[in-house]
Structures are given as structure tokens and as C-alpha cells.
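[1] Pasting the sequence and the predicted model now:
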Amino acid sequence: FGRWLSAQVGPDFEGCYLFTQIALELLGELRKRGTPHVLDNPNGHIRDFREAVQSEADRWLPTPYPGHPTDGMVQRVEEEYARADRIRVGSSWAAAGMVARGVERSRISVIPHSVDLVRFSPATPSARVENTLRVVFVGSLSLGKGFPYLLNAVRMVGPHRVSVHVVGATGDPWCRRLFESLRKGLNVTVAPGDPLNAYRDADLLVLPTLHDGFGYVVAEAMACGLPVITTYRCGAAEWVRHRESGWVVPAGSADSLAAALDQALDPATDLRAMGREARRTIELVAGARPRAELIQLVREHATQRAVATHP
């Protein structure tokens, strides 16, 4: 696909905004032409992502994990980093990981993602069913998303106290088998599709990710008026005020997730007030401003490139 994409970009292109994994061939061509470009990197450094996933595979799977990202993809994306003039990431956490792996900070721009605040908006809250906490998990059932820790945390808290609704892809065969094993005896439902209604029916979003350059579902849920539990290895955790609009916990710890779930279940915890605080935060940071910043980045880089090429 990368080779095909490169062949589609004729000499009349004035600039390109590209995504990692498919950009390598085109980046080489753009550099030859002096064409302005920005590479969008949705993760932190991809080698960190690979190591996080492999560590989880060693912990949970009986055989070596052949899933994404492969060693070949890591090498490809690292070459994309090297070729790109400008790299956009969605969080300070992602930028720090890139710099730690040797990418020059001067080539990195931190611009968070925007959220449709009209579509993702709070619904009239429904009453909690008895003492059951309704948790939604949105995302693929992949090792990088940390779903085993959520299921084990629910078991620790008490299966009768927490229900989990999973919205998203069911994962690769290895992760599907692991999920089916860990969900036994728990109140877990799975329904791929649009997460909007799931956000609106839930009390809380949990994203126990091991590596997310941003974690878009955190912003969506907060826009819908949900408090969230996520980890320090999620870029969007920068927007979560601990115990005010959610909880930020260590990655890879069922104990920490269970403690946060216990706090959410405490009658003294006002989840609706936390959800209102989450919505206020998102209105401040994730509306039109990120889009404007991204457009400005592209324009400024194009101007700088043009001046450097034609002084």
C-alpha cells in the first residue's frame, strides 16, 4: 500500500499529511522533491509499543506472540521517523517516549486530538441498577489495551458488583482465547459498533492501556460526561484530574484498577459530579482548538520549507 500511495502523489502536490506504517516510500519521494510534509504518529515510540506488547505476551500467552507490531513494522516505522521533517504526536507522554528513543525534540509537535462535542455529549443519566457499577471498555481486545487487568480487577472487586460492556474489535485469535478464559464467571457483554450509546449507558470508562499515544476513547467518554480510569501510559491521562474527573493508575496492575473500582463504588463518590468535571475539561481542551493548532502547524511548516527551498 505504501508503494501504491507513493505512486499516486504527482509533482503538483504542495504538501502531504501522512500516517505512520504506510508513509515510508512516499516520505522518500517527498524529501527528494522538497515537498512539505507532516508525519502523524498515533503512538509513542513504536519500539516501546512493541516491547510493551511482547512483555504482555510473555505474561499471558503460552506461545510467542506474532501479532502487531511485528519487528519488521518496528523497523519500517523507525525509518519513517528518520525520514520525516516534522512528526505530530497527540500528547506530551508520546513526545517524551520519542525523545527517549533518540528522535530530535525539535522535529516533534505535540497537538492533542479534537472531539466532536456535539455528537459526544452527555445524555440524561439513568439510575444505577442496585449496587452494580456499569463499566464500558472501548477498543480492540488486544494485549496493548490491558484488558486482562480489567477483568482480573473486576473479579477482585466482586463479579456481582461490576458489569463490563466491551465495544470494539474482538482481537486476534490469541487474545480472543485469553479473553474468553478470563471473562468466565463475570458479567461481561461484547458488542462491536458505535460506542456512543455505550458511553451514555455507563457509569465509568476504563482503559487500562499499556501504551497509547493519546487514547481517543478517553476524550470521547469524558465528552459524554463519564469519569474514566486509565493509566499513566495513556497520553490522554494528561486531561484526567485524579479523583476529580477520574483515576490515573499504574499500567499493568489489577490491584490498582481494583482499588479505583472500589472507590467508584463507594457511596461517598459522586460519579455524576466527576462526569460533569470531565465534560468541562474536554470543552476547554478538545474542541476546535486542536484542529486550529494542527492547521497552523501544517501551514507554518509549509512556509518554512518553501523559504528553505527558495531563499
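    Sure, I can see it.
[2] per-residue confidence at the nearest residue to G275 once chain neighbours are set aside?
    Spatial nearest neighbour of G275, chain neighbours left out: G225 (4.0 Å); criterion: Cβ to Cβ, 6 or more residues apart in numbering. For glycine as for every other residue, the C-beta is placed from the backbone atoms N, C-alpha and C. Looking at G225, its pLDDT reads 97.
[3] Please tell me how far G225 sits from D212.
    Separation of G225 from D212 (Cβ to Cβ, to the nearest Å): 21 Å.
[4] Can you tell me the element G275 falls in?
    Assigned by DSSP states H and E, G275 belongs to helix 271-285.
[5] pLDDT on that helix, on average?
    Mean predicted confidence for helix 271-285 is 95.
[6] Could you pull out the buried residues of that helix?
    Residues L271, M274, G275, E277, A278, R279, T281, I282, V285 are the ones in helix 271-285 that count as buried (16 or more other Cβ atoms under 10 Å).
[7] which one of G225 and D212 has more residues nearby?
    Legend: neighbour count by other Cβ atoms under 10 Å for G225 and D212, higher for D212 (30 against 23).
[8] Phi, psi for the more buried one please.
    phi -140, psi 120 (degrees, to the nearest 10).
[9] Now it: closest residue in space that isn't a chain neighbour?
    Here the residue nearest D212, using Cβ to Cβ, 6+ apart, is C234, at 4.5 Å.
[10] dump the residue contacts of the one you found.
    Residues in contact with C234 (Cβ atoms under 8 Å, 6 or more residues apart in numbering) are W93, L207, T209, D212, F214, G215, V218.
[11] at 6 Å what do you get?
    With contact taken as Cβ atoms under 6 Å, 6 or more residues apart in numbering, C234 is in contact with T209, D212, G215.
[12] what's the helix or strand for the first one?
    For T209, there is no host helix or strand (DSSP H and E).
[13] Please verify my assumption that it contacts G146.
    Yes: T209 lies in contact with G146 (Cβ atoms under 6 Å); the separation is 5.3 Å.
[14] okay, and for the chain, where does confidence drop off?
    125-130, 287-291, 298, 301-311 (pLDDT under 70).
[15] can you pull out the strands in it?
    16-19, 37-40, 87-89, 108-110, 133-138, 162-167, 187-190, 204-207, 228-231, 246-249 (DSSP state E).
[16] For those strands, could you give me a markdown table that also reports distance to D266 and mean neighbour count?
    Shown next, in a markdown table, are those (distance: least, Cβ to Cβ, whole Å; neighbours: other Cβ atoms under 10 Å):
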| stretch | distance to D266 | mean neighbour count |
| --- | --- | --- |
| strand 16-19 | 42 | 16 |
| strand 37-40 | 40 | 21 |
| strand 87-89 | 36 | 24 |
| strand 108-110 | 35 | 19 |
| strand 133-138 | 10 | 23 |
| strand 162-167 | 13 | 22 |
| strand 187-190 | 20 | 16 |
| strand 204-207 | 13 | 26 |
| strand 228-231 | 14 | 27 |
| strand 246-249 | 12 | 25 |
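[17] between those, which gets nearest to V53?
    strand 228-231 (14.6 Å; Cβ to Cβ).
[18] if I look at the residue positioned nearest the centre of the chain, how far off is N43?
    Geometric centre of the chain, nearest residue: G215, 2.1 Å, by Cα atoms, centre = their mean. Distance, G215 to N43, by Cβ to Cβ: 10 Å.
[19] again, but for H37
    Distance of H37 to N43, computed by Cβ to Cβ: 19 Å.
[20] Repeat that for M274.
    Computed as Cβ to Cβ, the M274 to N43 distance reads 28 Å.
[21] likewise R119?
    As judged by Cβ to Cβ, R119 and N43 stand 25 Å apart.
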